[in-house]
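In: what follows is a predicted protein model with its sequence.
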Amino acid sequence: MNDPAPPDAPSLPAATPVRRRRVSLGWVLPIVGLGLLVYFAYWAYQQKQANVTLEVQDASGIKAFQTPVLCRGVEVGSVTGVELHPGGRGATVRMRLEPSGLRLATADSDWWIVRPRLGLTNVSDVESLLAGPSIEFRPGVESPAREFEGLAGPPADAGMTGGLRLILRANDRGAVDPGTPLRYRGVEVGRVVSLRLPQDGTAVLIIVEVDRPYAHLIRENTAFWHSQRARADISRVSLGLEGYAIEFPRLNTALDISIDLASPDEPGSTAAADTVFDLADMPPEDADDWQPDLKPRPRPEAQATDDDTDAPDGDASTPEEQRGPLEGLFDLIIPFN
């Protein structure tokens, strides 16, 4: 007897192989490289876009992507372009500042070009002599701005270090330059900061700074004069025995230029900041005999009272009254150095 045939077994689905696509490394590298290229191209484009402009009268030596922009001695940007005004009167300097410098570029900030200054007794801004001029600015307190007017020179107090600022009035500058020392009994107690002209052109204003430790030496009756000394250095003297020949000494001479000061035996009150003094060509006749007591003492406060109205002129004068006809013109003076 034959067994019945087993029922047909259910058929299993056939497996279909799936091929996963893998990204080839040969495609990844070009895409990453293209992305980096776009990024650096955009960065380079941004670096060429100026965000600050400066109007100047003389842009000699200013070069795009070479001239730095400084704030308090720190580089915060660079020049991106220089455009000459129509007619050749002045130029527009385009600059790009970093965010740290852009926040300090306020509407009342002072901008000027730093160039080397060479004098008989001093050399300043030597770094600009080697690397070229730079643009420097001093921030103010107002809101940020993007367009500025350049000064003809550094501000009157750009080189100040926290000492006592005084103004010396002279008929002409003579041999005085920024950096000329200010001396008391031959010891340097300060220096010339800048030279200015008032708008009426009646005198030369010499802005000087007295170092803080010596500020008490300056009194309201202190005398200032322009000193020029010729120093000679004998380098060689020889006597020949044959024929009694004498070789004359060779002299190395140099000018020692300074502004000297002295106070009389009865010194006045300590001078206030921005007091104006006259700069003489010669010292007072008895200046060598002056032996004042200049110990530091607090400056009396000037307070107007009813009793002061009857006081004589010599006792009622205040530092502001002694500043002379140039009072109020300090902010209107014209730099020429």
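Out: Structure's in. What do you need?

In: residues contacting the residue lying closest to Leu84 once chain neighbours are set aside?
Out: Using C-beta to C-beta, 6 or more residues apart in numbering and skipping the chain neighbours, the partner closest in space to Leu84 is Ala91 (5.1 Å). Just so you know, the C-beta spots here come from the backbone N, C-alpha and C atoms, and that holds for glycine as well. By C-beta atoms under 8 Å, 6 or more residues apart in numbering, the residues touching Ala91 are 55-59, 62, 82-85.

In: let's have these in JSON lines, adding distance to Leu37.
Out: Shown next, in JSON lines, are these (distance: C-beta to C-beta, whole Å):
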{"residue": "Glu55", "distance to Leu37": "37"}
{"residue": "Val56", "distance to Leu37": "37"}
{"residue": "Gln57", "distance to Leu37": "42"}
{"residue": "Asp58", "distance to Leu37": "40"}
{"residue": "Ala59", "distance to Leu37": "35"}
{"residue": "Ile62", "distance to Leu37": "32"}
{"residue": "Val82", "distance to Leu37": "30"}
{"residue": "Glu83", "distance to Leu37": "30"}
{"residue": "Leu84", "distance to Leu37": "35"}
{"residue": "His85", "distance to Leu37": "38"}
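
In: among these, name the buried ones.
Out: Buried members of those, scored by 16 or more other C-beta atoms under 10 Å, are 56, 59, 62, 82.

In: what's the closest of those residues to Gly268?
Out: Nearest to Gly268, judged by C-beta to C-beta, of these is Val56 at 43.5 Å.

In: so what sits opposite that closest one in the bridge?
Out: Ala91 (DSSP bridges).

In: any idea how far it lies from Pro154?
Out: To Pro154, Val56 is 14 Å away according to C-beta to C-beta, to the nearest Å.

In: same check, this time on Thr92
Out: Taking C-beta to C-beta, one finds Thr92 at 21 Å from Pro154.

In: neighbour count winner among the two?
Out: The neighbour count for Thr92 versus Pro154, taken as other C-beta atoms under 10 Å, is higher for Pro154 (21 against 16).

In: out of the buried ones among the contacts of Ala91, which sit inside strands?
Out: Those of the buried ones among the contacts of Ala91 mapping onto strands are 56, 82, per DSSP state E.

In: which one of the buried ones among the contacts of Ala91 sits closest to Thr275?
Out: Nearest to Thr275 among those, counting by C-beta to C-beta, is Val56 at 33.0 Å.

In: the closest one: what's it in contact with?
Out: 62, 90-93, 113, 150.

In: next one: it from Asp286, what distance?
Out: Between Val56 and Asp286 the distance, using C-beta to C-beta, works out to 50 Å.

In: show me the shaky parts of the stretch 201-337 of the chain.
Out: Low-confidence segments of the stretch 201-337 of the chain, defined by pLDDT under 70: 229-255, 297-337.

In: that one: helices as residue ranges?
Out: For the stretch 201-337 of the chain, applying DSSP state H, counting those that start in this stretch gives helices covering 313-316.

In: please export the C-alpha coordinates of stretch 165-176 as PDB.
Out: C-alpha atoms of stretch 165-176 as PDB (Å, rounded to 0.1, in the frame of the first residue of the first chain):
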ATOM      1  CA  ARG A 165      51.200 120.000  32.300                       C
ATOM      2  CA  LEU A 166      52.400 123.600  31.900                       C
ATOM      3  CA  ILE A 167      52.300 126.000  29.000                       C
ATOM      4  CA  LEU A 168      55.400 128.100  28.200                       C
ATOM      5  CA  ARG A 169      54.900 131.200  26.000                       C
ATOM      6  CA  ALA A 170      57.800 132.300  23.800                       C
ATOM      7  CA  ASN A 171      58.300 134.600  20.900                       C
ATOM      8  CA  ASP A 172      59.700 131.800  18.700                       C
ATOM      9  CA  ARG A 173      60.500 128.100  19.100                       C
ATOM     10  CA  GLY A 174      64.200 128.600  19.000                       C
ATOM     11  CA  ALA A 175      65.900 125.200  19.100                       C
ATOM     12  CA  VAL A 176      63.200 123.600  21.300                       C
END
